[in-house]
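>>> this one's structure only:
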């Protein structure tokens, strides 16, 4: 169905005109963005909502009277503006083009006006009452009810009456100059004044109102030769507009015959582009008067500025000739009136209508206009077409037109050259042909430029499409227009690294920002789709950064191999296409060693305990030394360094110099294990402690060293039996018979050269105590009396005391303790002899 709307001129922006979507019956998809609308022409005055299809006025105001196509239009329904709107499917899968028309309705925005502020009228004397005189008509650029509605005539003393709207069957009349509305005479200044003029308005065939001045009284030039009246005009708008002019009526001699044209309408045809001076038509009028009253001159009547600009009217002969070349495409017809006026006083006139048609010549070449269609842009004569469009996709709208008529304006057009594009008429989606009385340009054709094959950016990046248009005139005229179709690259290739896995060695203690390696990726696309930005995967969390432009990977700080010797980086290469694609590669950075760490013993002082009597060349301890470096920088050589001794044996200090020399020869160390060996056996009782240093030297350059102190303590072996120091075996003790229980009899003392448990002594009575008179302290060797003494207990008692150490196995010594129970030693010699005898017996 056709798109037809109406809108008033001079309206503000955003006035709703109509719903294109509703009028085209498009409801499904509209408002959701699936189906969109675009104004392809007419955007100078209109705009459309691309989602809802609402058509509204644009920011530029519409002045009906200034529209070129409305200058010669007398029917307001024929003043219109055309537009084109495209309906675009999802992803431009289809496009429909529709034509529409908006009729511009008139508003009362122009004031009616007379040709001049002072109007001159000559009225002959002695004219009979009722004589009519045509007054100059006012013009109003508005139409219909907004056009001229009424005239008023006001006499020079200010009295007047208004003209009411004409009713059927009669012409309204306004009297002036002394008559009231009922026709009764009034006086002005004390005397009666007769009515002289009345205003009458006649409707003429072309719809205009012709004001006429009617003689209603006797005119005597000798009594009064002129009248000044006010002629007022008002339109029918709401509110109405009005203006006025001074009407000067001069009373002249009688001229009682008007000129008469031979015909009421003259019609003729003229050729466009006729040179200036070419005669077109002669109008003739005759006047039955004689003299000046019968001399006729011709002037333009109701004629537009365009008519006066293009045509010349000879005042004397009535010949119409070309004043300026006429272009039929600008002016197809000229319609105006010519007035014949005699030279009588006042002159009499007649008017005729002249209609001149302009005959076409083939003077216009076809015009090829290439425009965008839908979402495919056309900029600077180039269409940007994605390479992935389907075959038969419309990529541009081609409009061909010829301003000439008939065969001169019948145009055919084709695509020339071997290009994958073809033209298809867009008429299937346009409005049906307009009626014959509508002013559509019938020589305008529209085509869609379709793809006829798949496009491949990598094969051909652009096409020059030339469209030739030829009209059917004789001789024919042609023109061509070219469209550069640039195939737009689609981002269908991801960046690719030359190596997906890269291994690189990088020395520690680098400078911040030092380059580690450069990675390079390539992209088979072009333009933005092939512009690559490098980045590191944030999940890698590594002390490196990458230059986004050139792929240089650099260290953010100083690397320490001893903290971390290997990093794996995931490098991303992302192109700048839409949507963006990316590739990745793994870069393994192996941090290589520098000799920046000295050897380090796990302890500053190593303490070892070794049993005495250990076999020569036995390991006595192991030191642990590390070097955080690697390779040669961590290959260590160990040395024993001796510079003193503090060993003791049996409480006697050994001389330092001799001890040092002895220790240096005594100990050696194994490089691979850090094991310390002794060259001889140890005797704790001779030397119990050894102190020396161990030095570690790495193989780096320069070499780095470290030392540690080794303290070696010789642990005791139970290799010494206890030794009795008192009492001597040949001695004895006198115990009075009166001694009570718990009396200390004698203390056995012993020593052991060993130490610790091996020197922990235990005392026991193992013989010579048949009456169990005596007890001995197990730890202190104190012998006490266990029971009171009786007479039978007197005499010499030999106690056998065994002293055991706590070693394993235990070693022991035996002591003989002699106790002589008696009041005194009066017979001491006998006792001594008996002790010796017993001692010899034991041996």
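Structure's in. What do you need? In this text the structure is predicted, and so the values were computed from the model without any measurement.
>>> stretch 134-149: end-to-end distance?
Length of stretch 134-149, first residue to last, CA to CA, to the nearest Å: 17 Å.
>>> count the neighbours of the residue nearest to residue 284 when sequence neighbours are not counted for me.
Excluding its sequence neighbours, the residue lying closest to residue 284 (CB to CB, 6 or more residues apart in numbering) is residue 262, at 5.0 Å. Where C-beta positions appear, they are placed from N, C-alpha and C, glycine not excepted. Counted with other CB atoms under 10 Å, residues neighbouring residue 262 total 12.
>>> what comes into contact with stretch 304-324?
The contact list for stretch 304-324, computed with CB atoms under 8 Å, 6 or more residues apart in numbering, reads 71-72, 270, 274-285, 297-300, 326, 331, 334, 336, 338, 340, 354, 356.
>>> in its sheet, what does the host helix or strand of residue 450 sit against?
According to DSSP states H and E, residue 450 maps onto strand 445-451. Strand pairing for strand 445-451, determined by DSSP bridges: strand 394-401 (antiparallel), strand 421-425 (antiparallel).
>>> quick check: which of those strands is buried the most?
Neighbour counts (mean count of other CB atoms under 10 Å) averaged over each of the strands paired with strand 445-451 peak at strand 394-401, with a mean of 22.
>>> what lies in contact with it?
Under CB under 8 Å, 6+ apart, the answer for strand 394-401 is 40, 86, 92, 95, 97, 366-374, 376, 378, 383, 385, 389, 409, 411, 413, 421, 423-424, 426, 441, 443-451, 467, 469, 483, 485.
>>> ramachandran angles for residue 346?
phi -80, psi 160 (degrees, to the nearest 10).
>>> burial count for it?
22.
>>> do residue 714 as well
There are 26 residues near residue 714, going by other CB under 10 Å.
>>> re earlier: which among the contacts of strand 394-401 count as buried?
40, 86, 92, 95, 97, 366, 368, 370, 372-374, 376, 378, 383, 385, 389, 409, 411, 413, 421, 423, 426, 443-451, 467, 469, 483, 485 (16 or more other CB atoms under 10 Å).
>>> mind listing which of the residues you listed are in strands?
40, 86, 95, 97, 368, 370, 378, 383, 385, 411, 413, 421, 423, 445-451, 467, 469, 483, 485 (DSSP state E).
>>> where does the stretch 1-150 of the chain dip in pLDDT?
Scanning the stretch 1-150 of the chain for pLDDT under 70 picks out the ranges 1, 28-33, 72-77.
>>> distance of residue 35 relative to residue 390?
19 Å (CB to CB, to the nearest Å).
>>> now swap in residue 486 and tell me
Residue 486 is 18 Å from residue 390, where distance means CB to CB.
>>> higher neighbour count, the two?
Neighbour count, other CB under 10 Å: between residue 486 and residue 390, residue 486 has more, with 14 against 9.
>>> leaving out the residues flanking it, which one is nearest to the more buried one?
Here the residue nearest residue 486, using CB to CB, 6+ apart, is residue 462, at 4.7 Å.
>>> was I right to think the one you found contacts residue 483?
No - at 10.6 Å, residue 462 does not count as touching residue 483 under the criterion of CB atoms under 8 Å.
>>> thinking again about what came up before, how close does the residue nearest to residue 284 sit to residue 317?
Distance from residue 262 to residue 317, by CB to CB: 14 Å.
>>> ok, residue 323 next?
For residue 323, the distance to residue 317 - CB to CB - is 15 Å.
>>> can you report phi and psi for residue 292?
According to degrees, to the nearest 10, residue 292 has phi -60, psi -30.
>>> on that earlier part again, mind giving me JSON lines with the strands paired with strand 445-451 and columns for mean pLDDT?
As requested, the strands paired with strand 445-451 are exported to JSON lines (pLDDT from 0 to 100):
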{"stretch": "strand 394-401", "mean pLDDT": "90"}
{"stretch": "strand 421-425", "mean pLDDT": "92"}
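>>> just the endpoints, please. Distance across stretch 572-587?
First residue to last in stretch 572-587 (CA to CA) measures 11 Å.
>>> also stretch 10-19?
21 Å.
>>> what sits up against that stretch?
3, 5, 7, 46, 52-59, 61-64, 102, 107, 109.
>>> now a ChimeraX select for only the buried ones of those residues.
Buried members of those, defined by 16+ other CB under 10 Å, are picked up in ChimeraX with:
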select :3,5,7,46,53,54,55,56,57,58,62,64,102,109
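>>> next step: the contacts of stretch 10-19 restricted to helices.
Among the contacts of stretch 10-19, no member is found in helices (DSSP state H).
>>> bridge partners for the closest residue to residue 565 other than its chain neighbours, pull those for me.
Leaving aside its chain neighbours, residue 565 sits nearest to residue 591 (4.9 Å; criterion: CB to CB, 6+ apart). On the basis of DSSP bridges, residue 591 is bridged to residue 506.
>>> again with residue 424
residue 448.
>>> hmm, back to that, so what's the residue nearest to residue 565 up against?
Applying CB under 8 Å, 6+ apart, the residues contacting residue 591 are 506, 507, 508, 559, 560, 561, 564, 565, 566, 567.
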